[in-house]
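Novice: Quick one: sequence plus predicted model below, questions after.
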Amino acid sequence: MAPPRLIGPFTQALTLRGLPALGALSDDLLEVINNAGVLISNGRIQRVDEWSVLRTELKGSGIEEVRVETLFEAKGLSCPPYLTLTPGLVDAHTHICYAGSRARDYADRLNGVSYEEIAARGGGIRDTMRHTRAASEEELFMINLQRLSDHRRRGVTTVEIKSGYGLSVGDELKQLRAIKRLGESGMSRVIPTCLAAHVLPPEYRSSKGDQHQDYLAEITQSLLPRLRAESLAARVDAFVEPSAFPVEIARDYLQQAKNLGFDLTVHADQFSRGGAKLAGELGALSADHLEASTEEDLLALKRGGVTAIALPGASLGLGIGYTPARRALDLGLSLAIASDWNPGSAPMGHLLLQASLLGAAEKLSAAEVWAGITMRAARALGLTDVGTLQPDHSADMIVFPTSDYREILYQQGMLNPCLTFVQGSPQLTYVEGSVC
Ligand code: NIG
Ligand code: FE
């Protein structure tokens, strides 16, 4: 049991608490505490309030007071003059467990070849599959620890990670075991998802035709039960698209996964419609992408209580339009924003930068963008103890070297945290000259 500590003072704390889960949000709903402190105990937040109030109340209690500047001084660094505290960012959709690079695909796309054409000729996801199959569990773990660390430096403290580049029972298990170990590393909180239904692996394609059902039957019978037995994943995803898994085939698979007790999430309406309606019908936790969705599709999500997840990194990577995020919020949906960090469509992986750009393009308020990368993203993952600064939540917090939280989106990803906490454990990420 770590003893309680009072940490501060912070010029501002943006708590994100008390916001509605659904619909449009105006900035006056944001709680900003000036000159704030946070009391943490055993890796969890006990209180967030004004520094002076907490100090007065806790005087004589014996609780250790940690002034933020001492964390910097202990490393020989001078503390930035202003500090703004926010919840750690939640990235609800990534594919970072991969080996290899797809720089060649990217160059082809710049020359006008489409993502789907590259996939059809054996590149794309199947190319990453070959590299990922060739890597050991240990290699995948090491590569991904670095990606998780890069993500944390940019403020992300909760990361969903999908499999989906193994595409066989054994290789999907290898990926998910590496992902489980990443979660145990303490770098970040990790939420694993099985995406064995990403594309059809080459073994199930033949001149006689594609055997989607046979592949998914194998996954349902031989992989899903082992995920539960080894606690490797409680969530199942499918890429619903004619070029990956068509709606009718995906429906049966996802329904069976649901019957086995898995939460569902769907890669929906990235290039063509159908996936969002299916996600609404099945009551998935989230439907992600939605670049091709119409109002009818968004309303199907609303009826099913499904969170819409926009993936601006994929729009930027593929050079296609953004998810209709403004429309989704105005229709009363919950909107999360995630990076989709993957080697193909979204190689950048900078969530804050991408969310800032989506906000500018779609006219989202600061409250809507912040909710999308914190509390609404947590909700999309079914998490109830991250995404806001409030009592009983995990002390996953980030600190920016600025006096005004509005600078953070304004600087469009160029202002990064100088300090992050995961379960109360601090890590300095200070870069000289990034203060404003
Ligand atoms: O979300 N669209 C399907 N899956 C990923 C891309 C994966 C890849 O290209 O390697 C996505 O964009
Ligand atoms: Fe994705």
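Specialist: Ah, there it is. Ligands and ions are numbered 1, 2, ... in the order given.
Novice: ok, so what distance separates the residue of the chain found nearest ligand 1 from Q175?
Specialist: Ligand 1 sits closest to G344 of the chain, with a gap of 2.2 Å, by CB to the nearest ligand atom. Using the backbone N, CA and C atoms, a C-beta is placed for each residue, glycine as well. Distance of G344 to Q175, given as CB to CB, to the nearest Å: 16 Å.
Novice: got it, and E291?
Specialist: Taken as CB to CB, the span from E291 to Q175 is 26 Å.
Novice: Could you do L331 as well?
Specialist: 36 Å.
Novice: When those two are compared, which one has more neighbours?
Specialist: Shown here are L331 and Q175; by other CB atoms under 10 Å, Q175 has more neighbours (31 against 18).
Novice: what's the closest non-adjacent residue to that one?
Specialist: S163 (4.1 Å; CB to CB, 6 or more residues apart in numbering).
Novice: show me what contacts the one you found?
Specialist: Residues in contact with S163 (CB atoms under 8 Å, 6 or more residues apart in numbering) are C97, E172, Q175, L176, I179, P192, T193, C194, L195, A196, A233.
Novice: Do I have it right that E73 meets L428?
Specialist: No. With contacts counted by CB atoms under 8 Å, E73 stays clear of L428, the gap being 10.8 Å.
Novice: for this structure, where's the lowest mean pLDDT among helices and strands?
Specialist: Ranking every helix and strand in the chain by mean pLDDT, DSSP states H and E puts strand 209-210 at the bottom, with a mean of 84.
Novice: which strands and helices sit next to it?
Specialist: The contact analysis (3 or more CB pairs under 8 Å, 6 or more residues apart in numbering; DSSP states H and E) places strand 209-210 against no helix or strand.
Novice: chain center to it, what's the gap?
Specialist: 34 Å (CA atoms, centre = their mean, to the nearest Å).
Novice: what does that strand contact?
Specialist: Contacts of strand 209-210 (CB under 8 Å, 6+ apart): L200, Y204.
Novice: With stretch 100-111 instead?
Specialist: 115, 118, 123-124, 127-128, 130-132, 317-319, 343-344, 347.
Novice: Give me the pLDDT value at the residue nearest to Q175.
Specialist: You'll see S163 listed with a pLDDT of 98.
Novice: State the distance from it to S243.
Specialist: 20 Å.
Novice: now G209
Specialist: 15 Å.
Novice: hmm, back to that, more neighbours: which of E73 and L428?
Specialist: The neighbour count for E73 versus L428, taken as other CB under 10 Å, is higher for L428 (15 against 12).
Novice: give me the beta-bridge partners of that one?
Specialist: As for beta bridges, L428 partners with L419 under DSSP bridges.
Novice: for it, what are its contacts?
Specialist: L71, F72, K75, L77, C418, L419.
Novice: Redo those residues as a markdown table? Include pLDDT, neighbour count and distance to ligand 1.
Specialist: Formatted as a markdown table, the contacts of L428 follow (pLDDT from 0 to 100; neighbours: other CB atoms under 10 Å; distance: CB to the nearest ligand atom, whole Å):
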| residue | pLDDT | neighbour count | distance to ligand 1 |
| --- | --- | --- | --- |
| L71 | 96 | 20 | 37 |
| F72 | 95 | 18 | 38 |
| K75 | 91 | 8 | 38 |
| L77 | 92 | 14 | 38 |
| C418 | 97 | 25 | 31 |
| L419 | 97 | 22 | 31 |
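Novice: Dihedrals phi and psi, H289?
Specialist: Backbone torsions of H289, given as degrees, to the nearest 10, read phi 100, psi -90.
Novice: next one: phi and psi at the closest residue in space to it that isn't next to it in sequence?
Specialist: Spatial nearest neighbour of H289, excluding adjacent residues (CB to CB, 6+ apart): Q270 at 4.0 Å. Dihedral pair for Q270: phi -70, psi -50, per degrees, to the nearest 10.
Novice: mind checking how far Q270 is from A346?
Specialist: 11 Å.
Novice: So between those two, which is more surrounded?
Specialist: It is Q270, of Q270 and A346, that has more neighbours when counted by other CB under 10 Å, with 27 against 24.
Novice: ok now do the more buried one, which residues does it touch?
Specialist: Neighbours of Q270 in contact, by CB under 8 Å, 6+ apart: F239, E241, H289, L290, E291, A292, A314.
Novice: So which of the residues you listed are in strands?
Specialist: F239, H289 (DSSP state E).
Novice: can you redo the contacts of Q270 as CSV with neighbour count, distance to T374 and pLDDT?
Specialist: Converted to CSV, the contacts of Q270 look like this (neighbours: other CB atoms under 10 Å; distance: CB to CB, whole Å; pLDDT from 0 to 100):
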residue, neighbour count, distance to T374, pLDDT
F239, 22, 26, 98
E241, 23, 29, 97
H289, 27, 21, 98
L290, 31, 20, 98
E291, 20, 23, 98
A292, 20, 27, 98
A314, 27, 20, 98
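Novice: Okay, helices next: where are they in the stretch 201-350 of the chain?
Specialist: Counting by DSSP state H, counting those that start in this stretch, the stretch 201-350 of the chain has these helices, from start to end: 212-218, 224-229, 247-259, 275-282, 295-304, 312-318, 325-330.
Novice: Please produce a markdown table containing those, extended by distance to A378.
Specialist: Below are the helices of the stretch 201-350 of the chain laid out as a markdown table (distance: least, CB to CB, whole Å):
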| stretch | distance to A378 |
| --- | --- |
| helix 212-218 | 30 |
| helix 224-229 | 22 |
| helix 247-259 | 22 |
| helix 275-282 | 19 |
| helix 295-304 | 18 |
| helix 312-318 | 19 |
| helix 325-330 | 17 |
